[in-house]
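Visitor: this is a predicted model, with the sequence first.
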Amino acid sequence: MRRNPHVFRNYDIRGKVDEDLDATKVEALGRAYGTFLRHRKIRQAVVGRDCRLSSQEYQTALMKGMTATGIDIIDIGLVMTQMMYFAQYRFQTNGGVMITASHNPANFNGFKIGIGYSRTTGPQEVQELRRIIEEEDYFQPEEKGTIEKRDVTADYYHDVLKRVRLKKKFKVVIDSGCGTTGLFIPEILTRAGCEVIGKNLEPDGSFPIGTPDPTATAVMNRVRDEVLKAKADIGCALDGDGDRIGIVDGKGNILWNDVLVAIFAQEILGRFPGSKIIYNTLCSQVVREVVKQNSGIPVMWLTGHAFIKEKIAAEAAAFGGELSGHFFFADNAYGHDDGSYAILRILEYLSDKNTTLDQLYAGFPVYISSPEIKIGCPDDKKAGVIHALSVKFKKDFPAAEITDDAVIPGDDGVRADLPDGMIIFRYSQNGPYITVKFEAKDQATYDERKKYVRNTLKSYPEMIWEDELTVNLSSLD
């Protein structure tokens with residue numbers, strides 16, 4: 001069976017519903033993943049899904065394919081991604097699949113595929129699944145697998161809540177964006193002792209108020225308004241499957257997640273000085289500076305939750321984080337991205353320091369920084385655009401410290417670090433778009449860099465400026 005090769009991305013499988021994905025194709029994926037597991041002598045897997053309109057159908061098809069190869073399935077139903085990871089530990093199995101397209105629009109869906117505890121597929125494993133499907137090289141068992149329904153909610157609540165203690169009561173705004181998290185996050189925070197002001201909590205896979213993406217300015221502005229209205233201590237937005245967050249402080253300031261990476265790094269380095277902190281290439285220079293100021297070792301690495309988790313393990317790092325809002329705690333948790341736990345860790349830090357969020361980062365180096373800007377670009381064009389752009393980029397900034405695949409093997413972009421900020425262009429592994437971020441120390445320089453980024457991208461006809469995947473385009477105005 002052949003299919004759109006761009007569905008097989010560097011670490012996830014992601015595509016458009018009824019175009020790249022349908023029940024027949026998903027069943028084939030299930031048979032391929034079952035074969036993948038059987039080759040590794042794994043006979044059991046957990047399977048969960050988000051609230052997207054196609055996720056129930058796809059779960060049924062995926063499980064049909066997996067059981068056809070003899071895999072016994074624990075069906076955990078409608079959950080957040082971190083609950084799927086947790087279920088692997090709860091039921092002691094390396095196998096696990098989460099059906100989700102995370103922050104992509106409602107007409108997308110996808111699969112995060114486990115290859116170990118808290119670990120998901122990388123490029124080689126994804127291509128192995130693709131080969132099995134294309135060659136129809138499926139494992140033929142003596143008996144089909146079974147399906148058992150289990151609810152891990154109570155166990156997950158107990159596990160995540162036992163890891164934190166809040167010394168004060170916080171007023172917290174939670175905006176789930178009609179994603180899956182509305183079923184779980186408010187209850188977790190209430191049990192932790194918080195007063196929760198919930199917004200858009202009812203799951204609706206059509207995402208009627210827009211895609212739940214905590215990197216989107218429109219989403220975070222909505223949270224900011226609620227924080228100011230309620231006089232809350234903090235506001236949180238989550239993506240559709242709950243492994244990423246966005247934060248607003250009590251004064252209504254939006255914290256792009258690289259600042260949050262720096263905050264978490266500061267807290268952890270206070271307890272584990274000299275530790276390595278992993279962060280992705282899209283992060284502000286503030287991360288590197290704060291890590292060094294707090295006696296840590298900054299390690300910049302590839303963008304993508306699978307790559308960051310792998311690097312944390314390889315470097316024995318205490319923590320890692322991404323601009324997208326994935327945070328990975330290796331000090332008192334499993335090391336996978338869990339939005340519930342990340343929110344609780346922020347509140348615990350504020351509780352322990354008896355301070356406010358804005359005071360935590362008051363002493364950080366100050367940059368005028370753009371959000372993560374996403375602009376449409378076809379999958380078969382985006383790598384070529386970045387390659388051509390990088391040649392021009394290096395000529396335009398000859399004195400800059402350049403980070404590309406010559407520095408980080410497999411990197412999908414080019415970053416220029418300057419004495420007063422940075423600029424980065426990269427293509428996404430999750431979808432047909434290009435990502436940009438830039439920063440400066442003063443407004444005039446920031447405006448110059450904004451103009452440079454806008455004019456550079458405008459010179460490529462492959463860019464799709466009005467696209468369903470475009471985010472934060474107003475930041476280039």
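Guide: Ah, there it is. Numbering: from 1, shown residues only.

Visitor: contact partners for the most centrally placed residue in the chain?
Guide: Centroid-nearest residue in the chain: residue 326, 4.5 Å away (criterion: C-alpha atoms, centre = their mean). Residues near residue 326 by C-beta atoms under 8 Å, 6 or more residues apart in numbering: 243, 244, 305, 308, 337. Quick note: C-beta positions are derived from backbone N, CA and C, even for glycine.

Visitor: mind redoing it with 10 Å?
Guide: 102, 239, 243-245, 257, 261, 280, 303-305, 308-309, 320, 336-339, 342 (C-beta atoms under 10 Å, 6 or more residues apart in numbering).

Visitor: element containing the residue of the chain positioned farthest from its centre, please.
Guide: Ranked by distance from the centre of the chain (C-alpha atoms, centre = their mean), the top residue is residue 142, with 38.8 Å. Under the criterion DSSP states H and E, no helix or strand holds residue 142.

Visitor: now the strands for the stretch 251-400 of the chain?
Guide: For the stretch 251-400 of the chain, the strands defined by DSSP state E, counting those that start in this stretch occupy 254-255, 276-280, 297-301, 319-321, 327-329, 368-369, 373-376.

Visitor: out of the ones you listed, flag the one nearest residue 127.
Guide: Residue 127 lies closest, by C-beta to C-beta, to one member of the strands of the stretch 251-400 of the chain: strand 297-301, at 21.1 Å.

Visitor: the closest one pairs with which strands?
Guide: strand 276-280 (parallel) (DSSP bridges).

Visitor: kindly provide the distance from the residue nearest to residue 316 when sequence neighbours are not counted to residue 21.
Guide: Closest residue to residue 316 apart from its sequence neighbours, by C-beta to C-beta, 6 or more residues apart in numbering: residue 276 at 7.1 Å. From residue 276 across to residue 21, the span is 38 Å (C-beta to C-beta, to the nearest Å).

Visitor: ok, residue 272 next?
Guide: As for residue 272, its distance to residue 21 is 42 Å (criterion: C-beta to C-beta).

Visitor: do the same with residue 261
Guide: 32 Å.

Visitor: my read: residue 300 touches residue 284, true?
Guide: No. Here residue 300 does not reach residue 284: they are 11.3 Å apart, not a contact under C-beta atoms under 10 Å.

Visitor: specify which residue of these two has the higher count of neighbours.
Guide: residue 284 (26 against 20; other C-beta atoms under 10 Å).

Visitor: isn't the more buried one right up against residue 361?
Guide: No. Residue 284 lies out of contact with residue 361 (C-beta under 10 Å); the separation is 11.6 Å.

Visitor: ok, which stretches of the stretch 251-400 of the chain are helices?
Guide: Along the stretch 251-400 of the chain, counting by DSSP state H, counting those that start in this stretch, helices occupy 257-271, 285-293, 305-315, 339-353, 357-360, 379-396.

Visitor: leaving out chain neighbours, which residue sits closest to residue 381?
Guide: The nearest residue in space to residue 381 (C-beta to C-beta, 6+ apart) is residue 462, at 4.3 Å.

Visitor: and that neighbour, how many neighbours?
Guide: Neighbour number of residue 462 under other C-beta under 10 Å is 15.

Visitor: got the contact list for it?
Guide: 376, 377, 378, 380, 381, 382, 384, 385, 388, 434.

Visitor: now it: how far from residue 375?
Guide: Using C-beta to C-beta, one gets 10 Å for the distance from residue 462 to residue 375.

Visitor: now list whatever residues contact both of these two.
Guide: The contact lists of residue 462 and residue 375 share 382, 434, where a contact means C-beta under 10 Å, 6+ apart.

Visitor: low-confidence bits of the protein, can you list those?
Guide: Counting by pLDDT under 70, the chain has low-confidence residues at 1-2.

Visitor: any idea how it splits into domains?
Guide: 5-153, 163-254, 256-335, 368-476 (automatic domain parsing).

Visitor: residue 4 and residue 21 touch, don't they?
Guide: Yes. Here residue 4 reaches residue 21: they are 9.1 Å apart, a contact under C-beta under 10 Å.

Visitor: so these two - more neighbours on which side?
Guide: More neighbours surround residue 21 than the other of residue 4 and residue 21, with 26 against 13 (other C-beta under 10 Å).

Visitor: which strand residues bridge the closest residue in space to that one that isn't next to it in sequence?
Guide: Using C-beta to C-beta, 6+ apart and skipping the chain neighbours, the partner closest in space to residue 21 is residue 15 (4.8 Å). Here residue 15 shows beta-bridge partners residue 109, assigned using DSSP bridges.

Visitor: and residue 15, how far from residue 55?
Guide: Note on residue 15: its distance to residue 55, by C-beta to C-beta, is 14 Å.

Visitor: shared neighbours, these two?
Guide: Residues touching both residue 15 and residue 55 (C-beta under 10 Å, 6+ apart) are 101, 109, 110.

Visitor: right, and the second one touches residue 57 too?
Guide: Yes. Residue 109 lies in contact with residue 57 (C-beta under 10 Å); the separation is 9.5 Å.

Visitor: does residue 76 touch residue 96 like I think?
Guide: Yes. Under the contact definition of C-beta under 10 Å, residue 76 touches residue 96, with a separation of 9.3 Å.

Visitor: neighbour count for those two, which is higher?
Guide: Using other C-beta under 10 Å, the more surrounded residue of residue 76 and residue 96 is residue 96, with 30 against 25.

Visitor: surely that one meets residue 62?
Guide: No. When contacts are counted by C-beta under 10 Å, residue 96 is not listed as touching residue 62 (11.8 Å).

Visitor: what sits in contact with each of the two?
Guide: Common contacts of residue 96 and residue 62, defined by C-beta under 10 Å, 6+ apart, comprise 45, 47.

Visitor: thinking again about what came up before, farthest-separated two in the contacts of residue 462?
Guide: Farthest apart among the contacts of residue 462 by C-beta to C-beta are 376 and 388. That separation is 17.2 Å.

Visitor: that older thread, tell me the one among the shared contacts of residue 15 and residue 55 nearest to residue 224.
Guide: residue 101 (25.9 Å).

Visitor: phi, psi of that closest one?
Guide: Residue 101 has phi and psi values of phi -120, psi 20 when expressed as degrees, to the nearest 10.

Visitor: check contacts around the residue nearest to residue 21.
Guide: 3-4, 6-9, 21-22, 25, 101, 104, 107-111, 379, 431.

Visitor: if you set the cut-off to 8 Å instead, what comes out?
Guide: So residue 15 contacts 4, 6, 7, 21, 108, 109, 110 (C-beta under 8 Å, 6+ apart).

Visitor: measure the first one to residue 20 for me?
Guide: Spelled out, it's residue 4. The gap separating residue 4 from residue 20 is 5 Å, by C-beta to C-beta.

Visitor: what's the answer for the second one, then?
Guide: Plainly put, residue 6 is 8 Å away from residue 20 if you go by C-beta to C-beta.
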